[in-house]
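> give me coordinates for this.
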Amino acid sequence: MAAKKKKLTDASTSSRLSTGTIPLYALKAKHQSSLGKKVADQIVKRQEDEEIPRTWPLQPPMIGDCSGEKCSGWDSNDNKSNEDEKRAEISRKAKLKKENSQASAVMISAREKEIATVHNRQLDFPLAIVSNSTEQDVDEGIKVIDSMIIEDSCVASTSQPLGVVSEIFVSKPTVLETESSIKLVEKIARQERDLKSAETQDGSLRAVIETLDHKHRLEMQKQMNQLSENYQKEMDAMKLDLKEAEAARQKASTDLRKAKEKNSAVRTERRELGLKLAAVSEEVAAGLTSASTSRPLQDLEQKYDSLKDNYYTLEDKYNELDDDAAGYCSELQKYKRYAESCRRKRETIKIELERVEKRLNDMTTKNMNELHSRESISQIYQKLRNAYDLREPLVKIGVDIRWRFLDQAREIALNIPRDEADMALRTNGNIAAHRDNAADEGAPFKCNLVPKEYEDKAEKTSRSYTNRSQESTPSGLELWKVRWTVEQQ
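Next comes the predicted model:
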């Protein structure tokens, strides 16, 4: 019965492990190789952490773009030495990693030999290796193996291969993960380069936009002033034309009124003269009837002739006044037509004035927006100016120190004797490097140029510098005492 149960168990185990599983020694080798790799990686990482320098630099960080085009190429020797040190460090780390991987490979091969000696006894398992087996299949295989009854004592529960089966984790090869991580790093580097180029383009575009905005603002201001001047001139001309038209109309109405008054007076005088003429005619007729030839008749005839002459004179005067009235009427019609044209022109100019006022309001709104944007730009400029003022002492100190270095390098490397100007350069460099200057030594704290590893100590140091600079200018020895006290705390 036990033999039959054992056969059934072996058959079920072989049927379960025939697809999607791997042999125990293969699983163990994989597990040991992955463990060896992890151990080697941890050793390399620990050695790299131990080799990282944790010393605080004695000099403050330098500003890169210190003196424009003249500074380019000065620190080429330092850059080459730094690159050589980086290459040596990378080669040393690669050699150390290779030695650790070889050591782990030796450990894994020794472990596989040990496992192979244990597995000299065949377990009747299939040798098919499927890399994409799932954890569920492996767990089922482990359960079946644990339930098996193995008669041989060397493969019992005390053996290491079966004891480690429960800790096996089947994973895919890590080559693809390594390649994907390398591609991801390259992609991140490309994105950083694109980001830097985009930031550079953004800065240049911002400068171009500010220049164009300034030009556009000046152009709009010039156009607005020109439009205001033209509008004022047109309004003055219109007012002058309206005044002239009003004066001409008043003059014409006054002349017409005077002509009408003269015409009515002439008509009244003519009527009176007609009445007088009729009376004189009656008197003449009566005198002719009363006296044939007498002196009064002659007087009457003379009077009649004089009245007749007066009548013709008045008639001529009336005709002249009538002609003047006709001329005044035609001139009045002309002035009326001119006044109508002035009225239409005034309506047209009024419409144009409303359009110009609307445009002026729009330009005023736009000008206010530009003023707000100019205020924001002024604030940004003030911030940049403050940052420049804070960093200017550090730039001057760096320039003096670099000039001193170049003078010394020229004397040592090129054998060029130094003169008084070179002595001045060295004196300035020594003063910048070793002379006391509390304001310049506090500049890195004001500009937030303190490294992260030194932030806790930097706050106390900055407070000590500030208190001492308010009391008096400290000496270099006192500053080093302050720093030593802060580091001890």
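> residue contacts, residue 82?
With Cβ atoms under 8 Å, 6 or more residues apart in numbering as the criterion, no residue contacts residue 82. From N, CA and C alone the C-beta is placed, and that goes for glycine too.
> which SSE is it in?
Using DSSP states H and E, residue 82 sits in helix 76-118.
> ramachandran coordinates for residue 450?
With angles defined as degrees, to the nearest 10, residue 450 sits at phi -90, psi 130.
> just checking, it touches residue 444?
Yes. Residue 450 is within contact range of residue 444, at 6.0 Å (criterion: Cβ atoms under 8 Å).
> where are the low-confidence patches of this protein?
1-81, 103-177, 287-288, 290-294, 296-297, 416, 418-422, 436-442, 455, 458-489 (pLDDT under 70).
> and it, what are its domains?
Domains of the chain are assigned by automatic domain parsing as 2-172, 223-391, 407-488.
> what are the ranges of the helices in the chain?
2-17, 24-51, 76-118, 135-147, 160-164, 175-290, 295-413, 420-434, 438-441, 443-446, 455-471, 476-488 (DSSP state H).
> returning to that earlier point: between residue 450 and residue 444, which one's more packed in?
residue 444 (20 against 17; other Cβ atoms under 10 Å).
> return the distance of that one relative to residue 82.
22 Å (Cβ to Cβ, to the nearest Å).
> same check on residue 370?
Residue 370 is 49 Å from residue 82, by Cβ to Cβ.
> next: residue 189.
In terms of Cβ to Cβ, residue 189 sits 20 Å off from residue 82.
> again, but for residue 183
Counting by Cβ to Cβ - residue 183 and residue 82 are separated by 28 Å.
> and for residue 199?
In this view, residue 199 and residue 82 are 25 Å apart by Cβ to Cβ.
> run a quick neighbour tally on residue 197.
If we define neighbours as other Cβ under 10 Å, then residue 197 has 10 of them.
> let's number from 833 now, not from 1
Right, with 833 as the first residue, what we last looked at is residue 1029.
> who's in contact with it?
Contacts of residue 1029 (Cβ under 8 Å, 6+ apart): none.
> would you mind measuring from it to residue 1018?
For residue 1029, the distance to residue 1018 - Cβ to Cβ - is 17 Å.
> repeat that for residue 1012.
From residue 1012 to residue 1018 the distance is 11 Å (Cβ to Cβ).
> and if you look at residue 1036?
27 Å.
> one more: residue 1025?
Distance from residue 1025 to residue 1018, by Cβ to Cβ: 11 Å.
> what's the answer for residue 1238, then?
39 Å.
> neighbour-wise, which of these two wins?
Neighbour totals were compared for residue 1238 and residue 1018, and residue 1238 leads with 14 against 10 (other Cβ under 10 Å).
> distance of the more buried one from residue 1258?
10 Å.
> with residue 1162 instead?
104 Å.
> ok, those two, which is more surrounded?
residue 1258 (17 against 10).
> correct me, but that one touches residue 1240?
Yes. Between residue 1258 and residue 1240 there is a contact at 7.3 Å, judged by Cβ under 8 Å.
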